[in-house]
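Novice: Need the 3D shape of this:
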Amino acid sequence: MSSETGDQVYTLKGADEPYRVFVEQMQEGAITLDSLGTILYCNRSFSDMLGEPLECVMGKAIGTYFGTESAFDAERIFLAEGSRIETVLISRSRDIPVICSVTRIRIDGPAVFAVTVTDLTTQKDHEADLKRAVTELEGFCYSVSHDLRAPLRSMISAANIVIEDFGSFLPPSGEKELKRLATSASYLGRLIDDLLAYSRLLRNEVARATVDMSNLAQTIAANVEAEANKLVEWQIEPGLEAAGDARLLGMALHNLFSNAVKFSRKGERPKVQFGLDVSNGAFFVRDNGIGFDMQYAHKLFMPFERLHRQEEYPGTGIGLANVKRVVMRHGGQVWTDSALLNGATFFFTLSPESLPNSDK
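Specialist: Below you'll find the model as predicted:
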């Protein structure tokens, strides 16, 4: 078979039977190009995507069918060896989102390229459905939290007013119950706020910029120490930088520093260290606190999972889940190392570009 320009077009007639059957029956489109971007061969799946007879496709330029700025651009992009390109296939009935894998075929003679074309329509539809579901869930969470805040404030206010104005007339058990009511309502309010913050981490864009991690850690440390009303010994490595979202990274450090101070050993001054482990490129937060048994480490970063009773160490159980989500939004990982009564170290990495001086 010959192309529009008279060049020879290949078929699979001479190929081994198992290979020919495999290519012809695969669900993905398969095409072969020469160095000028001419389609030398395509399988039935590709011609079906286009809605054109197979014999009408072979011999045409690749740029005829792909939605880039021009045919020349399409040829230049698709002939980039070893590339995977997400683009649009122009068929007779509609534009089809596809991803193409391009591989150079090592044979004697002129350069030939094999391209696998995968239809992303179903995947894109699922992504759109998921995005709509997440948006609806966020709206529901916001509505519920907004509607819950007002009655919670009323409960707390009413309980405190009764205690202040009529406390002398109440039996000790009555005052105790009112205080417990106000405390529980306050906890529920904090839990709602933390859940909202956790859900927002899904949709907020990561505004990347160079972040002075040492300076950020100093600021967060001062805030945490004031909130905890404890004297803390801080060791913060100077000169640390990362490429990331300063607001999100500050949230992660605040949760890690707060935990390090909260889970300190009774009667011992908390010590918290922040630095960079040069052996693996991970930032770390290390403390001298009560530690934990590593068999429960997998629970730490899950929402609402707690290793201690609320009465011992107050909290909502969302903090470390937020840390994990922040790190994942940056393309990194988080893990921990600890032993009972021997402190804990939390490590986190960010994406490769998060370290400005790292090799890429």
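Novice: list the buried ones in the secondary structure element (helix or strand) that Glu177 belongs to?
Specialist: According to DSSP states H and E, Glu177 maps onto helix 172-203. Residues of helix 172-203 classed as buried by neighbour count (16 or more other C-beta atoms under 10 Å): 175, 178, 181-182, 185, 188-189, 191-192, 194-195, 198-199, 201. Backbone N, C-alpha and C define where each C-beta goes, glycine included.
Novice: next one: stretch 342-355
Specialist: Across stretch 342-355, burial judged by 16+ other C-beta under 10 Å covers Gly343, Ala344, Thr345, Phe346, Phe347, Phe348, Thr349, Leu350, Ser351, Ser354, Leu355.
Novice: ok so, going back, packing partners for the helix holding Glu177?
Specialist: Using 3 or more C-beta pairs under 8 Å, 6 or more residues apart in numbering; DSSP states H and E, the elements in contact with helix 172-203 are helix 121-166, helix 319-329.
Novice: and the angle for that helix with helix 121-166?
Specialist: Between helix 172-203 and helix 121-166, the angle comes out at 160 degrees (axes from the mean of the first three to the mean of the last three C-alpha atoms, to 10 degrees).
Novice: highest average neighbour count across the helices and strands packed on helix 172-203?
Specialist: Among the helices and strands packed on helix 172-203, helix 319-329 has the highest mean neighbour count (mean count of other C-beta atoms under 10 Å), at a mean of 22.
Novice: what's the angle from it to helix 172-203?
Specialist: Between helix 319-329 and helix 172-203, the angle comes out at 10 degrees (the same axes, to 10 degrees).
Novice: Tell me the first helix or strand C-terminal of helix 319-329.
Specialist: Next element after helix 319-329 (DSSP H and E): strand 334-338.
Novice: Not counting that following strand itself, show me its contacts.
Specialist: 291-292, 294, 297, 300-301, 323-324, 327, 344-349 (C-beta atoms under 8 Å, 6 or more residues apart in numbering).
Novice: in it, what counts as buried?
Specialist: Quick answer for strand 334-338 (16+ other C-beta under 10 Å): Val334, Thr336, Ser338.
Novice: and it, what's its mean pLDDT?
Specialist: For strand 334-338, mean pLDDT is 93.
Novice: The following helix or strand past it: partners in the sheet, and parallel or antiparallel?
Specialist: Heading C-terminal from strand 334-338, the first helix or strand you meet, by DSSP H and E, is strand 344-348. When pairing is defined by DSSP bridges, strand 344-348 lines up against strand 282-287 (antiparallel), strand 334-338 (antiparallel).
Novice: ok now stretch 186-206, how far from the chain's centre?
Specialist: 16 Å (C-alpha atoms, centre = their mean, to the nearest Å).
Novice: Residues in contact with it: which ones?
Specialist: Here stretch 186-206 has contacts from 134, 137-138, 141-142, 145, 148-149, 152-153, 156, 244-245, 248, 251, 303, 310, 314, 316, 318-319, 321-322, 325-326, 329-330, using C-beta under 8 Å, 6+ apart.
Novice: thinking again about what came up before, which of the helices and strands packed on helix 172-203 comes out lowest on mean pLDDT?
Specialist: When the helices and strands packed on helix 172-203 are compared by mean pLDDT, helix 121-166 comes last with a mean of 83.
Novice: Turn the buried residues of helix 172-203 into CSV, columns for distance to Leu130 and pLDDT.
Specialist: Converted to CSV, the buried residues of helix 172-203 look like this (distance: C-beta to C-beta, whole Å; pLDDT from 0 to 100):
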residue, distance to Leu130, pLDDT
Glu175, 50, 87
Leu178, 45, 89
Leu181, 40, 88
Ala182, 40, 86
Ala185, 35, 84
Leu188, 29, 82
Gly189, 30, 81
Leu191, 26, 78
Ile192, 24, 79
Asp194, 24, 74
Leu195, 20, 73
Tyr198, 18, 72
Ser199, 14, 70
Leu201, 16, 72
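Novice: Need those in a markdown table (columns: distance to Asp48).
Specialist: Shown next, in a markdown table, are the buried residues of helix 172-203 (distance: C-beta to C-beta, whole Å):
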| residue | distance to Asp48 |
| --- | --- |
| Glu175 | 77 |
| Leu178 | 72 |
| Leu181 | 67 |
| Ala182 | 68 |
| Ala185 | 62 |
| Leu188 | 57 |
| Gly189 | 58 |
| Leu191 | 53 |
| Ile192 | 52 |
| Asp194 | 51 |
| Leu195 | 47 |
| Tyr198 | 45 |
| Ser199 | 42 |
| Leu201 | 42 |
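Novice: For Cys100, state which of the residues you listed is nearest.
Specialist: For the buried residues of helix 172-203, the residue nearest Cys100 by C-beta to C-beta is Leu201; the value is 33.2 Å.
Novice: can you give me how far whichever helix or strand Ala226 is part of is from the chain middle?
Specialist: Using DSSP H and E, Ala226 sits in helix 213-228. In terms of C-alpha atoms, centre = their mean, the centre of helix 213-228 is found 25 Å from the chain centre.
Novice: With stretch 272-288 instead?
Specialist: Using C-alpha atoms, centre = their mean, the offset of stretch 272-288 from its chain centre is 22 Å.
Novice: Cool, thanks, talk later.
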